[in-house]
Each structure stands twice: as structure tokens, then as C-alpha cells.
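1. Turn this into a structure:
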Amino acid sequence: MFVIRVSEVRHLARAAAVVAGAFLATAAQAGSLTYQPTNPAFGGSPLNGSWLQSGAAAQNEFVRKEQRLNQQRAEREARDSFQELTPGQIFARQLQSQLYGSLANQITSAIFGENAQPSGTFSFEGTTINFRRVGSNVQISINDGKSVTEVVVPASP
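-> Numbering: from 1, shown residues only. Alright, predicted model coming up:
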């Protein structure tokens, strides 16, 4: 049998009161909480803007679904267009690619090769390629009859 005396109960009650007072005193010393918004539109840090935007974009199911559909459509069109080619057409495309590659090598040799020229012009199938050295760069102009593309390439000394 377990017996507790009244004096022990009073002693435990005083100890509990001291501990509770200590906790209350500690809580009274805590600082105040202030609300700081995250969104820069409502006063938050401007550095949070890109983080919030990327998070919202990643969660946007409509955009992801549209991108997935566009990718599937492009893959289907590429697959369908390739399947419609005859072996002769495939060979013609590969031959054309080889010829354009050879022509590109000749032009590159004329611009940057052993006997590099200061300027020149190449024409084929309605496309004109002009190049000239300007300082330490080579300016290349490609005119296909519809648009003109300018390229500046550093020339080796």
C-alpha cells in the first residue's frame, strides 16, 4: 500500500507552481511575431518573384497538356512525312545533304583554309554567299532570295 502525506503533496504542489511560473516567465520573454508576405506584389521580397513564377508554371496543367499535345503532333507529322517517302526520295535527300556538306567544306576552305582569300562570293541554286575579312573577323552574308543572314566569325590570325 502506498501512502502520501499531506506535507509531501504541498511540497509537490509548490514545485509544480515554480516550474509553471518558470515556463510562463520564459513565454513572456519571447519576441512578437510579425507577418511578412512572400509575394512581391503584396510587399514581399522582390527576389521571390521568379521563384513563385517558376513554381506556378510547373504546376500549370493546362500549359503542360498543350505542350505534350504539340510534341505528340510534331512527332506524328514527322513520322507520317518520313513514311510517305519512297526509297528513291530518301536517297535523293541524302545525296543532296552530302552535296551541300561538300559545298560547305569548299566555302570553309576558301575562307579559313591554307590559301584563305580576303573576300569572295559563292552562288548556287539562287543562294549567294559573300564573305570578307574585317579586322580579326570574317563577315559572312547568306542571301537565299527570301532573306539575308549575317554571320560574324572570329578569324584565326
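2. what's the burial count for Ile107?
-> 17 (other CB atoms under 10 Å). All C-beta atoms are positioned from the backbone trio N, CA, C, and that covers glycine.
3. That one and Phe122 touch, don't they?
-> Yes. Counting by CB atoms under 8 Å, Ile107 does reach Phe122; the two are 5.5 Å apart.
4. any shared contact partners between these two?
-> Shared contacts of Ile107 and Phe122, defined by CB atoms under 8 Å, 6 or more residues apart in numbering, comprise Ile129.
5. which element follows the top helix by length along the chain toward the C-terminus?
-> What stands out as the longest helix in the chain, according to DSSP state H, is helix 87-112. Downstream of helix 87-112, the next assigned helix or strand under DSSP states H and E is strand 119-124.
6. follow-up on the earlier one: give me the mean pLDDT for the longest helix of the chain.
-> What helix 87-112 shows for mean pLDDT is 87.
7. quick check, distance from that helix to the centre of its chain.
-> Here the centre of helix 87-112 is set off from its chain's centre by 33 Å, with CA atoms, centre = their mean, to the nearest Å.
8. buried residues in that helix?
-> Ile107, Ile111 (16 or more other CB atoms under 10 Å).
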